[in-house]
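>>> I would like the atomic coordinates for the input below:
(one chain, ligands or ions: 1)
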Amino acid sequence: MAYEKERSEMVEYQLRDRGIKDERVLAAMESVPRHLFVDEYLQSKAYDDGALPIGEGQTISQPYMVAVMTELLELKGDEKILEVGTGSGYQAAVLSMLAAEVFTIERIQPLSLRARGVLKQLNYTNVHVIVSDGTVGLPEHSPYDGIIVTAAAPHIPQQYIEQLKVNGRLVIPVGSRYSQTLYKIKKTATGISSLISTPCVFVPLIGKDGWDEKEV
Ligand code: SAM
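Numbers count the residues shown, from 1 in each chain. From the prediction side, this is the model:
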């Protein structure tokens, strides 16, 4: 398969060497053909250590950030996961290899349609791609074992906590428009516990319970 060597080096030097330990996450990222989730002219850069443009002013996240966020979800294989921010569909493909069922929401229809096409073509059949405002979650398929938000939120929407199972995990970048902190929130029987992970920079989560489109 194309770019096998680049993918393998990405896993070794960008992920394993920087502390990603979950072997299932490393294997999934060794398997998903990231170059097929970007435009042809960017394919040779798909395994570089950074984010890339995917059109509509949006990005496919840096491989390391995808790995960190996925590892924080602590997936074993039988989970139902909600992703907010489908973008290219790459993160959803990685999740589809690690969980039983993935719902992914995107607010920009052309991105969603393209991601759906790639995911279908590559046979990631346990991913459901939906166009809507993900700031309100996706109550009709809740509760989830994990929710991963791949855009920057100004605060943690309460409905994400409500849509998690007890012991479910929420991974979300929260902060200002240009710099955020990655949070892992665990829903417990009595409330939540939270863990602060790494500083990060994401495009904004825009919607009813996110940033106002006019502000960004
Ligand atoms: N996970 C993506 C991937 O693997 O390519 C990268 C996501 S990109 C950094 C963030 C995405 O979140 C953008 O495509 C953006 O349009 C989307 N987004 C922003 N606000 C949203 C909302 N309220 N609901 C759904 N998607 C949203």
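
>>> switch to C-alpha atoms for all contacts and neighbour counts from now on
Noted.

>>> Can you get me a residue count around K208?
13 (other C-alpha atoms under 10 Å).

>>> which SS state does it fall under?
coil (DSSP: H, G, I helix; E, B strand; the rest coil).

>>> got the contact list for it?
Residues near K208 by C-alpha atoms under 8 Å, 6 or more residues apart in numbering: D133, T135, V136.

>>> Look at the last one and report its pLDDT.
Put plainly, it is V136. In this model, V136 is scored at 98, pLDDT.

>>> ok, it touching D209?
Yes - the pair V136 / D209 is scored as a contact, 6.7 Å apart, by C-alpha atoms under 8 Å.

>>> Spit out the residues that contact the two alike.
P157.

>>> just curious, which of the contacts of K208 is nearest to A152?
The shortest approach to A152 among these belongs to T135, at 10.8 Å (C-alpha to C-alpha).

>>> For the closest one, which non-adjacent residue is closest in space?
Spatial nearest neighbour of T135, excluding adjacent residues (C-alpha to C-alpha, 6 or more residues apart in numbering): D209 at 5.3 Å.

>>> Can you name the element that comes right after the longest strand anywhere in the chain?
Longest strand in the chain, counting residues (DSSP state E): strand 164-175. Of the helices and strands lying after strand 164-175 in sequence (DSSP states H and E), the nearest is strand 180-187.

>>> That following strand near the ligand at all?
No - judged by C-alpha under 6 Å from any ligand atom, strand 180-187 and the ligand are separated, with a smallest distance of 12.8 Å.

>>> which neighbours does that strand have in its sheet, and in what orientation?
strand 164-175 (antiparallel), strand 192-200 (antiparallel) (DSSP bridges).

>>> hey, C-alpha coordinates of stretch 76-94 in CSV?
C-alpha atoms of stretch 76-94 as CSV (Å, rounded to 0.1, in the frame of the first residue of the first chain):
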residue,chain,number,x,y,z
LYS,A,76,-11.3,-1.5,24.4
GLY,A,77,-13.4,-2.3,21.4
ASP,A,78,-17.0,-2.5,22.5
GLU,A,79,-17.8,1.2,22.9
LYS,A,80,-20.2,3.6,21.3
ILE,A,81,-18.4,6.9,20.5
LEU,A,82,-19.6,10.3,19.5
GLU,A,83,-17.1,12.6,17.6
VAL,A,84,-17.9,16.3,17.1
GLY,A,85,-16.0,17.7,14.1
THR,A,86,-15.8,15.1,11.4
GLY,A,87,-13.6,17.3,9.2
SER,A,88,-11.8,14.9,6.8
GLY,A,89,-13.1,11.8,8.5
TYR,A,90,-9.6,10.6,9.5
GLN,A,91,-10.2,10.7,13.3
ALA,A,92,-13.5,8.8,12.7
ALA,A,93,-11.6,6.1,10.7
VAL,A,94,-9.1,5.7,13.6
